[in-house]
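> just coords:
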């Protein structure tokens, strides 16, 4: 499969279920800008990879990320090479001494290599937005190669799962979760530099860690991410998901209650409708949009689409173009919410809509508590909420990174932590928790460093919280059909031309229902992470494998 370095992969791999409204501070989500020097480069489907459009399957394929042995390759001499080590604690000193013993020089700010050990600082106080704030100047203000060291346990959060924070039973987010998506995106945006990640077990003796990291600095060519555990070096790979038998009995029934974040619009609404149609379950929806109140103005109700609404509003005296478009957005959103709730009411046992910003931990936890109080149970969760604010790292300030990252990860922390508290108090475990991620988190994506980090974090969170439900898993979606409102016709052609088809709404819903149906089937543990994309396996392998430092 040929591999091309794209100027910018469109934001179409982002999959927020409720289309993100314009943020009052930043405006609507923006597509990544294309540098003038690279504007003629043909974008790849994701991760820089392309494949023939003729290879696109009729329906989405499923893939799993695993680890495979990747022994050290050829070592390059570091005599006189400038290597700087950031962070604090004994590892910084030990690694500096080890590199000096091998002939490396200090420094590295203007060139050479910077080894970022900040995530291993004593106390574990560096979160992902703070790590981004520390790495961004290195990327922008120097020409240095970068090696980011993560404390996920030496298995990239896959094998074994990353440990949850010590002493915090309700804190479900492992320290360092999200760094893989951050680093892979940086590697794509700075292709002329070696930007890599090395995951370790922080319990390893400091001298051994220092020797391992010095070996990695000396690697002439290496994957973008490797893991070291018990002296064994492994790298990630992606392969087709093995088929699994379904349960004889469904994990959901008409008595079940399912909570879905992401609102009554877009993908989440379609998933909720598919679940309710198949099982007749109780549906609890969480979204930012207000639930429509009362009947629409008869003068506007007859306007079936945006052009007709514009005409009707102008006829009613509206003159400011921005105000007209904002009002069109509101009316169309309310119509979609009303239509979704009406469709759900026809097939679900009950439908309850909660207007909650998932970043409000208190309000979201109270919503979950209220469901348990009313229903006495919670059988499934689909966390589909998310926002996008796409810009290259050069234009992405740390505050914007934090906002996008928090919408995914803080909400997951609240949902899983609250359920964990109820299960500890004697409530039955849910049948499943499904965290909606994105292929951007698996492969990285230009212009989406925050979104890639957030969705990668969901993969790590799912693996580390397998005990909170019968099955906890992340679904890393490829781009969905334009019916979901996420991809324009122009972007659809761009994706299809590079070998990535768009997932049809019914196809995506069927995939999720099938994954849920494998829960508790007695055939052994199912994967905590499933990547879903309408493309050939060769393209997915190339997309993951193309994000390498130094041309390897």
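Noted; the coordinates are in hand. Predicted model only: the values in this text are computed from it and were never measured.

> Which parts of the stretch 1-150 of the chain are strands?
61-69, 83-86, 113-116, 145-150 (DSSP state E, counting those that start in this stretch).

> Next: the stretch 201-350 of the chain.
222-223, 225-229, 232-240, 257-261, 282-287.

> now the protein, which segments are flagged as low pLDDT?
When residues are selected by pLDDT under 70, those of the chain lie in 1-46, 107-111, 167-170, 247-248, 484-486, 520-524, 546-552.

> how about residue 61, what does it touch?
Listed by Cβ atoms under 8 Å, 6 or more residues apart in numbering, the contact set of residue 61 reads 240, 532-537, 540. Placement of C-beta: from N, CA and C, glycine included.

> Restricted to buried residues, select these in ChimeraX.
Provided next is the ChimeraX selection string for whichever of these are buried by 16 or more other Cβ atoms under 10 Å:
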select :532,533,534,535,536,537,540
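
> and the contacts of residue 61, which of them are in helices?
Secondary structure defined by DSSP state H assigns 537, 540 of these to helices.

> of the contacts of residue 61, closest to residue 58?
Nearest to residue 58 among the contacts of residue 61: residue 534, at 8.3 Å, using Cβ to Cβ.

> For that closest one, give me its contacts.
Residues near residue 534 by Cβ under 8 Å, 6+ apart: 56-57, 59-61, 478, 500-503, 507.

> Could I get those residues in CSV, plus columns for distance to residue 200?
Formatted as CSV, these follow (distance: Cβ to Cβ, whole Å):
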residue, distance to residue 200
56, 39
57, 38
59, 39
60, 35
61, 33
478, 31
500, 34
501, 38
502, 39
503, 36
507, 39
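
> picking that back up, quick one, which of the strands of the stretch 201-350 of the chain is nearest to residue 391?
The closest of the strands of the stretch 201-350 of the chain to residue 391 is strand 225-229. By Cβ to Cβ, the value is 23.6 Å.

> Of the contacts of residue 534, keep whichever come out buried.
Using 16+ other Cβ under 10 Å as the burial test, the contacts of residue 534 include 56, 60-61, 478, 500-503, 507 as buried.

> from these, which is closest to residue 297?
residue 502 (35.1 Å).

> Can I get the contacts of residue 61 in CSV including distance to residue 84?
Putting the contacts of residue 61 into CSV (distance: Cβ to Cβ, whole Å) gives the following:
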residue, distance to residue 84
240, 42
532, 40
533, 38
534, 43
535, 40
536, 42
537, 40
540, 35
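
> Show me the contacts of residue 534 that map onto helices.
By the criterion of DSSP H, membership of these in helices covers residue 507.

> Between the contacts of residue 534, which sits nearest residue 94?
Taking Cβ to Cβ as the measure, residue 94 lies nearest residue 478 of these, at 42.3 Å.

> so that closest one sits right up against residue 62, yeah?
No: contact between residue 478 and residue 62 fails when scored by Cβ atoms under 8 Å: they sit 10.5 Å apart.

> between those two, what contacts are shared?
Both residue 478 and residue 62 are in contact with 531-532, where contact means Cβ under 8 Å, 6+ apart.

> Stretch 117-135: how far from the chain's middle?
Averaging C-alpha positions (Cα atoms, centre = their mean, to the nearest Å) puts stretch 117-135 19 Å from its chain's average.

> Kindly apply the preceding question to stretch 347-361 instead.
Here stretch 347-361 shows a centroid-to-chain-centroid distance of 22 Å under the convention Cα atoms, centre = their mean.

> Just the buried positions in that stretch, please.
347-348, 351-354, 356, 358-359, 361.

> Now, those that are in strands?
Cross-referencing these against strands under DSSP state E gives 351-354.

> Pick the one among the residues you listed closest to residue 284.
residue 352 (5.0 Å).

> measure that closest one to residue 382 for me?
Distance, residue 352 to residue 382, using Cβ to Cβ, to the nearest Å: 15 Å.

> Equivalent analysis for residue 173, please.
19 Å.

> ok, now residue 254?
To residue 382, residue 254 is 18 Å away according to Cβ to Cβ.

> Neighbour count for those two, which is higher?
Using other Cβ atoms under 10 Å, the more surrounded residue of residue 254 and residue 382 is residue 382, with 25 against 11.

> Could you report the neighbour count for residue 504?
17.

> residues touching the closest residue to it other than its chain neighbours, list them.
Take residue 504 and drop its neighbours on the chain: the residue closest to it by Cβ to Cβ, 6 or more residues apart in numbering is residue 481, 5.1 Å away. Contacts for residue 481 were tallied using Cβ under 8 Å, 6+ apart; they are 487, 492, 502-505.

> May I see the strands of the stretch 201-350 of the chain organised as CSV, with distance to residue 469 added?
Shown next, in CSV, are those (distance: least, Cβ to Cβ, whole Å):
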stretch, distance to residue 469
strand 222-223, 32
strand 225-229, 26
strand 232-240, 25
strand 257-261, 12
strand 282-287, 16
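
> To residue 120, which of the ones you listed lies closest?
For residue 120, the closest of the strands of the stretch 201-350 of the chain is strand 225-229, at 12.9 Å, according to Cβ to Cβ.

> what's in contact with the closest one?
Contacts with strand 225-229, where a contact means Cβ under 8 Å, 6+ apart, come from 67, 70, 152-156, 160, 180, 183-184, 196-201, 204, 212, 216, 233-236.

> Can you select the buried ones among the residues you listed for me in ChimeraX?
To isolate the buried members of the contacts of strand 225-229 in ChimeraX, using 16+ other Cβ under 10 Å:
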select :67,70,152,153,154,155,156,180,183,184,196,197,198,199,200,201,204,212,216,233,234,235,236
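
> In helices, which of the contacts of strand 225-229 fall?
Those of these lying in helices (DSSP H): 180, 183-184, 212, 216.

> Residue 246: which of those residues is nearest?
The shortest approach to residue 246 among these belongs to residue 180, at 31.1 Å (Cβ to Cβ).

> Which residues are in contact with the closest one?
Residue 180 sits next to 150, 156-157, 197, 225, 441, 456, 460 when contact means Cβ under 8 Å, 6+ apart.

> By neighbours, which of these wins?
Counting neighbours by other Cβ under 10 Å, residue 456 leads those with 34 neighbours.

> Also compute the angle for the helix or strand harbouring that one relative to strand 145-150, please.
Element membership for residue 456 (DSSP states H and E) is helix 449-464. Orientation of helix 449-464 against strand 145-150 (axes from the mean of the first three to the mean of the last three Cα atoms, to 10 degrees) gives an angle of 30 degrees.
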